[in-house]
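Chemist: Everything below, folded, please.
(4 chains)
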Number of protein chains: 2
Amino acid sequence: MTLDSTPVEHSGGRRRPTIKDVAAVAGVSRGTVSRVLNGGHWVSPEALTAVQAAIRSTGYAANRHARSLVTGRANSVAFLLTEPTQLLFEDPNFSVLLRGAADALAKRDMPLLLMVAGTAEERRRVTDYVTAGHVDGVLLISSHAEDPVVASLLREQVPVVACGTPLGYEGKVGYVAADDIAGAREMVRHLRDTGRRHIATITGPLDTPGGVQRLQGYRDELGADYDEGLVAHGDYSRLGGQRAMAELLAARPEIDGVFVASDLMAAGALATLATHDRRVPEDVAVGGFDDSWLAATLVPALTTMRQPFERISSEMVRVLGEVINGEQPATVILPTTLVRRDST
Amino acid sequence: MTLDSTPVEHSGGRRRPTIKDVAAVAGVSRGTVSRVLNGGHWVSPEALTAVQAAIRSTGYAANRHARSLVTGRANSVAFLLTEPTQLLFEDPNFSVLLRGAADALAKRDMPLLLMVAGTAEERRRVTDYVTAGHVDGVLLISSHAEDPVVASLLREQVPVVACGTPLGYEGKVGYVAADDIAGAREMVRHLRDTGRRHIATITGPLDTPGGVQRLQGYRDELGADYDEGLVAHGDYSRLGGQRAMAELLAARPEIDGVFVASDLMAAGALATLATHDRRVPEDVAVGGFDDSWLAATLVPALTTMRQPFERISSEMVRVLGEVINGEQPATVILPTTLVRRDST
DNA sequence: AGCTGGACTGTGCACGTTCACAGTGGATGT
DNA sequence: ACATCCACTGTGAACGTGCACAGTCCAGCT
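Modeler: Here you go, the predicted model:
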């Protein structure tokens, strides 16, 4: 309730307490306070409690800028999106991944910086920012092959962990991914187990890991039965799934099962099947991939391969932490699980 | 594997160029370089070009930590989510808002820090971080009334701009919102114009601005025809819309129009209408609110009130900038527009 | 008693920047 | 001729930390 004419000071009006203030209150030196802050080793029990009390009474919070200046570490991480904007909006997986990463980082007391590098201008800005050392590392959401952003980051030796196999940079960059091949195989096996004989697939774009690897799993599982005519290509959008399904039905009306490489495309496929009066699952069984929240709300509810997105994001954060500490980038492949609902 | 004796140098191995290096190359002093960096006033043309050339040749990028340390400004902004996690996943609007905010901030060369304050633990962490001055301001996505986070931020005099009327804090906090009341009125008027006589509504939660204000618009427009029995309440989820529509149909089978306070709930309402064999729009006209990407993909495509999300986010950033500069928080109300599709 | 080493504490410097201030030199006014 | 002003430039002092180093105290050993 103080009404003074002094200039607007954010956050309480008074100067923020520094390590020096804490030291004065606790009756010790700055060095001791600093030691308490960073682990508390080589500090006497009395000094420790005195400092802790002083921190509470002063409401001290370390100035991260000063700390970063001297340590050379930003203590923050970028979440970098190099996808065209459309996908971020439509694809529910991004939100889940983002949320999971923010959570995992919060536990390490690190903020997450969201950066988007769609246009050339944005790419320049982002690489400038990142290579200037303002973040310690990058969580990369970039599925398209030969991404130029990856090249720049690699050149500048910025710690990077990708989500999904980084096509064109395998072995150069650590990544965390679901087991696309095994997952696709399991879904195809499941469709076969329900008696389907003419199983088609709608793939993702073939310059994305999910596109090539889920197709490979489909192919591997069918073996000699693989038939190129049963393969249609989508772009991970609902509309793309719709179109691909229409193509398949036109070319091969005998189809009685479809493995669709994403739930969103599966939603489109279901719409097409409905307008073509094919009952699901009676006439055609449909299997998706992702298990996004979408899957359960579709009619009929979609059978799909669950990707463990929460684990993916937390593993990405863990691996990135290792890379930042100078360890070799690891590769983590996580298992998918079949979630059976009403569409098969 | 803690820090070892050979510290790993990211980004090229060599020391990053400082303002001093630039000064040396340009043959001027640090002060002059600094002046060039901050606007270039009181700098001779020759010095200016020399410094610019030196910046390019050295690949200099200012160290934001050092700058923040001395200026006391973080040059970054938090995007704070206080909603339960479920909504972030389902509601496509969040992604759009987030993306828009990141874009608008990028133009000011400011990174966006994503923070989530769902649990008490997260709330504590976030308020600590923010009040420690590590961001200059907060873009607040918090629709529920009496949000405790808002109280803490206000107490600490942190610059805040909310999205939507901050119930319980009107007048204390600046905000940007779509004109919910006028939008609701227009939709109801539109339903009436198409000849509907028994127009129901499905509201959002009544502790959110969209919940109360869209209901108020509905009520205002109907005037004497307002009938409490035609009001059902949802929670902005698809399932909630589904349930509310079922209630309405059971209680008032004569309903021939519904104004649903969000597209996601409208999706649920459409599902219920389909299972009850009511044709849309022949038997019942359905109007939504938001115009998220969902609206166009529903069957039938949804008539809805478009919220200008891109403008909302960019206005939020603009107003927050003003508040940070010490100006009084402004209130911005943006118009909505009717997007007519197939459901009316 | 003197030496050694371990546990703890304090001090000064460095990090890279901005800002206030003190110059500098030339043009202009008296 | 001298003061004044203007346009520009350089310098030193912060900002708040962490870290290396030096110093103190005390116990245990020779």
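
Chemist: burial of the closest residue to DNA strand C within the stretch 201-344 of chain A, as a residue count?
Modeler: As assessed by C-beta to the nearest atom of the strand, DNA strand C sits closest to A:I324 within the stretch 201-344 of chain A, at 18.8 Å. Quick note: C-beta positions are derived from backbone N, CA and C, even for glycine. For A:I324, the count of nearby residues is 19 (other C-beta atoms under 10 Å in any protein chain shown).

Chemist: Show the contacting residues for A:T344.
Modeler: Neighbour list for A:T344: A:H190, A:L191, A:T194, A:G257, A:P281, A:A285, A:V286, A:G287, A:T303 [criterion: C-beta atoms under 8 Å, 6 or more residues apart in numbering or on different chains].

Chemist: please redo it, this time with the cut-off set to 10 Å
Modeler: A:187, A:190-191, A:193-194, A:196, A:257-258, A:280-281, A:284-288, A:300, A:302-304, A:338 (C-beta atoms under 10 Å, 6 or more residues apart in numbering or on different chains).

Chemist: go on, A:S68?
Modeler: A:A74, A:N75, A:S76, A:G133, A:H134, A:D136, B:N63, B:R64, B:H65, B:A66, B:S68, B:L69.

Chemist: Now do the strands in chain A.
Modeler: In chain A, the strands defined using DSSP state E lie at A:77-81, A:112-116, A:137-141, A:160-163, A:174-178, A:199-203, A:231-233, A:257-260, A:285-290, A:303-306, A:331-334, A:337-339.

Chemist: would you list the ones you listed in a markdown table and tack on distance to chain B, mean pLDDT and mean neighbour count?
Modeler: Output for the strands of chain A, formatted as a markdown table (distance: least, C-beta to the nearest C-beta, whole Å; pLDDT from 0 to 100; neighbours: other C-beta atoms under 10 Å in any protein chain shown):
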| stretch | distance to chain B | mean pLDDT | mean neighbour count |
| --- | --- | --- | --- |
| strand A:77-81 | 7 | 96 | 25 |
| strand A:112-116 | 5 | 96 | 24 |
| strand A:137-141 | 8 | 96 | 25 |
| strand A:160-163 | 10 | 96 | 27 |
| strand A:174-178 | 14 | 97 | 24 |
| strand A:199-203 | 17 | 98 | 27 |
| strand A:231-233 | 20 | 98 | 19 |
| strand A:257-260 | 16 | 98 | 30 |
| strand A:285-290 | 13 | 97 | 28 |
| strand A:303-306 | 15 | 98 | 26 |
| strand A:331-334 | 17 | 98 | 15 |
| strand A:337-339 | 16 | 98 | 15 |
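
Chemist: about what we covered before: could you tell me how far the residue of the stretch 201-344 of chain A closest to DNA strand C is located from B:T337?
Modeler: 47 Å (C-beta to C-beta, to the nearest Å).

Chemist: can you redo the contacts of A:S68 as a markdown table with pLDDT and distance to DNA strand C?
Modeler: Shown next, in a markdown table, are the contacts of A:S68 (pLDDT from 0 to 100; distance: C-beta to the nearest atom of the strand, whole Å):
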| residue | pLDDT | distance to DNA strand C |
| --- | --- | --- |
| A:A74 | 96 | 13 |
| A:N75 | 96 | 15 |
| A:S76 | 97 | 17 |
| A:G133 | 93 | 9 |
| A:H134 | 95 | 11 |
| A:D136 | 97 | 16 |
| B:N63 | 97 | 3 |
| B:R64 | 97 | 8 |
| B:H65 | 97 | 7 |
| B:A66 | 97 | 3 |
| B:S68 | 97 | 9 |
| B:L69 | 96 | 4 |
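
Chemist: and A:T208, what pLDDT?
Modeler: With respect to pLDDT, A:T208 has a value of 92.

Chemist: Disregarding residues adjacent in the polypeptide, which is nearest to it?
Modeler: A:S143 (4.1 Å; C-beta to C-beta, 6 or more residues apart in numbering or on different chains).

Chemist: what do you get for A:A145?
Modeler: Once flanking residues are discounted, A:A145 sits nearest to A:L167: 3.6 Å by C-beta to C-beta, 6+ apart.

Chemist: Can you give me the end-to-end span of stretch A:220-238?
Modeler: 26 Å (C-alpha to C-alpha, to the nearest Å).
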